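1. I would like to see how this sequence folds:
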Amino acid sequence: MSGHSKFANIKHKKEKNDAAKGRIFTQLGREIAVAVKEGGPDVNNNSRLKAVVAKAKANNMTNDTIERSIKKAAGDVGSVNYEKVTYEGYGPSGSAIIVVALTDNKNRTAANVRNAFTKGGGSVGTQGCVSYMFDEKGQIIIDKEECEMDADELMMLALDAGAEDFSDEEDSYEIITAPADFEAVREALEAAKIPMLEADVTMIPQTYVTLTDENDIKMINRTLDLLDDDDDVQNVYHNWDE
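-> Numbers count the residues shown, from 1 in each chain. Next up is the predicted model:
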């Protein structure tokens, strides 16, 4: 792995999230609803729900709010119709962007995503047009200031649990796993009480694009901001080296 740390970007995202918790909680509520519909409300017997709950806690959602969301989803299981949709496209200077959404109205979401690309001077492409530039991996980011465990011990814990790679960056540790091994590694870290800044199965670029033109940077930020503000959008992946 390149060891290309996204810690600064994650911190920026979390600051934005703190200013828009209602929207983040709405998105997490949708993920909980889909997980409950697929595997039931028992966290111990539903690995996807367990992963979403861990993600919700990382975003400072309280246990009470999580439990209410699970109960609501269990009660509304027959009416939950969120569908996962993925869009791929291009930003300025050939930058690649992947958008993952959970929606109850694909026409609305498609129009909003297309609008975000267009306003940023980009365009939505066909399925597969940029995803081949990314690898699906489990990624866990740990803030060094929050972690008391020695780096070597943490690395051995992660590798023993099934991690593929461990990177010691300036202000964070990055752990990479195969998607199938992600949950086992995350649970091992949780059992060791290691605080995780971010833990999710994500799309990691194989190479990164550097934008030097100020207008290109302004335009891609416009696209990303519009996508971030859309309740339907769950995740945005790109290969811009911010």
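
2. tell me how many other residues surround the closest residue to residue 41 other than its chain neighbours.
-> Of all residues not flanking residue 41 in the chain, residue 74 sits nearest, at 4.1 Å (C-beta to C-beta, 6 or more residues apart in numbering). The way it works is simple: take the backbone N, C-alpha and C, and place the C-beta from them, glycine included. Neighbourhood size, residue 74 [other C-beta atoms under 10 Å]: 16.

3. what of residue 181?
-> For residue 181, the count of nearby residues is 16 (other C-beta under 10 Å).

4. quick one: secondary structure of it?
-> For residue 181, the secondary structure call by DSSP: H, G, I helix; E, B strand; the rest coil comes out as helix.

5. distance of the closest residue in space to it that isn't next to it in sequence from residue 210?
-> In this structure, residue 181 finds its nearest non-sequential neighbour in residue 162, 3.8 Å apart by C-beta to C-beta, 6+ apart. According to C-beta to C-beta, to the nearest Å, residue 162 stands 33 Å off from residue 210.

6. looking at these two, which is more packed in?
-> A count of neighbours by other C-beta under 10 Å puts residue 162 above the other of residue 162 and residue 210, at 16 against 9.

7. for residue 129, see how far away residue 140 is.
-> Separation of residue 140 from residue 129 (C-beta to C-beta): 29 Å.

8. out of those two, which sits in the busier spot?
-> Neighbours per residue (other C-beta under 10 Å) separate residue 140 from residue 129, with residue 140 holding more: 23 against 15.

9. surely that one is in a helix?
-> No. Per three-state DSSP, residue 140 lies outside any helix segment and is strand.

10. that one contacts residue 184, doesn't it?
-> No. The pair residue 140 / residue 184 is not scored as a contact, 11.7 Å apart, by C-beta atoms under 8 Å.

11. so what's residue 200 bridging to?
-> According to DSSP bridges, the partner residues bridging residue 200 are residue 139.

12. mark out where each domain of the protein begins and ends.
-> Taking automatic domain parsing as the domain assignment, the record places the domains of the chain at 7-75, 83-132+206-238, 134-205.

13. could you point out the helix or strand that follows the lowest-mean-pLDDT helix or strand in the chain?
-> Taking mean pLDDT, DSSP states H and E as the measure, the helix or strand of the chain with the lowest value is helix 7-18, at a mean of 54. Toward the C-terminus, helix 7-18 is succeeded by helix 21-39 as the next helix or strand (DSSP states H and E).

14. packing partners of that next one?
-> Helix 21-39 sits against helix 47-58, helix 63-75, strand 96-103, strand 233-238, with contacts defined as 3 or more C-beta pairs under 8 Å, 6 or more residues apart in numbering; DSSP states H and E.

15. send me that helix as CSV with only the CA atoms.
-> The C-alpha coordinates for helix 21-39 follow below in CSV (Å, rounded to 0.1, in the frame of the first residue of the first chain):
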residue,chain,number,x,y,z
LYS,A,21,-25.4,15.9,12.8
GLY,A,22,-29.1,15.8,11.9
ARG,A,23,-28.2,15.0,8.3
ILE,A,24,-25.6,12.4,9.3
PHE,A,25,-28.0,10.7,11.7
THR,A,26,-30.6,10.6,8.9
GLN,A,27,-28.1,8.8,6.7
LEU,A,28,-27.1,6.4,9.5
GLY,A,29,-30.8,5.8,10.2
ARG,A,30,-31.3,4.6,6.6
GLU,A,31,-28.3,2.3,6.9
ILE,A,32,-29.8,0.9,10.1
ALA,A,33,-33.2,0.4,8.4
VAL,A,34,-31.6,-1.5,5.5
ALA,A,35,-29.5,-3.7,7.8
VAL,A,36,-32.5,-4.5,10.0
LYS,A,37,-34.6,-5.4,6.9
GLU,A,38,-31.9,-7.7,5.6
GLY,A,39,-30.9,-9.4,8.8
